[in-house]
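**Student:** Sequence and predicted structure are below.
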Amino acid sequence: MPGETMPRCVGVRVTVADLDRSAAFYTDLLGFERVTATAEEIELGMGEMRLALRRAAPQALRVMPPDSRANDRWFRHLAIVVRDMAAASERLQTYGVELISREPQTLPDWNPASDGIEALYFRDPDGHPLELIRYPPDKGKAVWRESNEELFLGVDHSAIVVADTAASLAFYRDKIGLSVVGEVYNFGAEQAALSGLSEACVQVTSLLGRGTFGLELIEYVAPRGGRPMPADTGVDDLWWAETLIELDNPEGERRLIRDPDGHTGEIR
């Protein structure tokens, strides 16, 4: 984008059925803090990342499909970095949270790019997928290795499921201006258990602009057959989410963008 510097991923906006219920979930359980609030939207923060909870119009609300799977292209998660996976997963169990993964998974040592990473998928009260992730000392961004006694350290990235990594890179890298900072294939029993599927092979591409909060592209090489984003997806659907992207362009108007898979974003 001529005249604009590297973008910054600010956060994500999601649609929720009950603002107070969702705000309590993220603040009481996961350690987010309230930043601003109106009758229609509550903005939460954890570190530099912002999570905007938007209230759905009750008469137009459509719930998350109950048979949603991790390879469906409306699947998107926030990756929350934890200091202690055992303590964090026990906290989820105490709150009766719905899990996607049966239990935390440690990615195997035969894959040096992800060896030792611990992860767990779960859902919020509206069915939005979330991830707890713990990086070993030789993995992840430097900020996660800083001394910090908090259980929940921050949000590393938002991950979206895509049909074709090359097409998504043409959009997010070549058009929007994010940089590729990592690529890895994950597969095997641990990845399948993490995803809640009988098998899983994923191509993961990490994108970053200014700042530490990034965007991750997940292409399921197997199993194929993940369902596309519904063509009539709208802001009152609980699977609606927007990636919030900031540019050094103070005179520019906010505008919605849509990627090749139907994921939306807001350019600020």
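**Tutor:** Happy to help now that I have it. Numbering: from 1, shown residues only.

**Student:** Can you list the neighbours in contact with stretch 213-222?
**Tutor:** 8-11, 47-49, 70-71, 79, 155-165, 168-169, 172, 178, 181, 185, 187, 199-208, 226, 243 (CB atoms under 8 Å, 6 or more residues apart in numbering). C-betas here are computed from N, CA, C, even on glycine.

**Student:** Now list the buried members of those.
**Tutor:** For the contacts of stretch 213-222, a burial check counting by 16 or more other CB atoms under 10 Å picks out 8-11, 47-49, 70-71, 79, 155-163, 165, 168-169, 172, 178, 187, 200-208, 226, 243.

**Student:** Filter the contacts of stretch 213-222 down to the ones in helices?
**Tutor:** Taking DSSP state H, the ones among those that sit in helices are 165, 168-169.

**Student:** what's the spacing between Leu151 and Glu131?
**Tutor:** Distance, Leu151 to Glu131, by CB to CB, to the nearest Å: 15 Å.

**Student:** now Asp115
**Tutor:** To Glu131, Asp115 is 18 Å away according to CB to CB.

**Student:** Which one's more surrounded, the two?
**Tutor:** Between Asp115 and Glu131, counted using other CB atoms under 10 Å, the more crowded position is Glu131 (23 against 14).

**Student:** Okay, and the beta partners of that one?
**Tutor:** Applying DSSP bridges to Glu131 gives these bridge partners: Ala79, Tyr121.

**Student:** Can you work out which other helices and strands pack against the host helix or strand of Ile133?
**Tutor:** Assigning secondary structure by DSSP states H and E places Ile133 in strand 129-134. The contact analysis (3 or more CB pairs under 8 Å, 6 or more residues apart in numbering; DSSP states H and E) places strand 129-134 against strand 76-82, helix 85-94, strand 118-123.

**Student:** centre of the chain versus the strand ranked longest in the chain, how much separation?
**Tutor:** For the chain, the strand with the greatest residue count under DSSP state E is strand 152-162. What separates the centre of strand 152-162 from the centre of its chain is 4 Å, taken as CA atoms, centre = their mean, to the nearest Å.

**Student:** Tell me the strands beside it, with direction?
**Tutor:** Strand 152-162 has these strand partners (DSSP bridges): strand 76-82 (antiparallel), strand 214-222 (parallel).

**Student:** returning to what we had before: out of the helices and strands packed on strand 129-134, indicate the one that is most buried.
**Tutor:** Mean neighbour count (mean count of other CB atoms under 10 Å) peaks for strand 76-82 among the helices and strands packed on strand 129-134, with a mean of 23.

**Student:** mind exporting that one as CSV, just the C-alpha atoms?
**Tutor:** Extracted C-alpha coordinates of strand 76-82, given in CSV (Å, rounded to 0.1, in the frame of the first residue of the first chain):
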residue,chain,number,x,y,z
ARG,A,76,-10.4,-19.1,14.1
HIS,A,77,-8.7,-19.1,17.5
LEU,A,78,-6.7,-16.7,19.7
ALA,A,79,-3.5,-18.2,21.1
ILE,A,80,-3.1,-17.3,24.8
VAL,A,81,0.4,-17.8,26.1
VAL,A,82,0.7,-19.4,29.5
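
**Student:** Number of residues surrounding the closest residue to Pro260 other than its chain neighbours?
**Tutor:** Nearest residue to Pro260, sequence neighbours excluded (CB to CB, 6 or more residues apart in numbering): Ala167, at 4.6 Å. Ala167: 15 surrounding residues under other CB under 10 Å.
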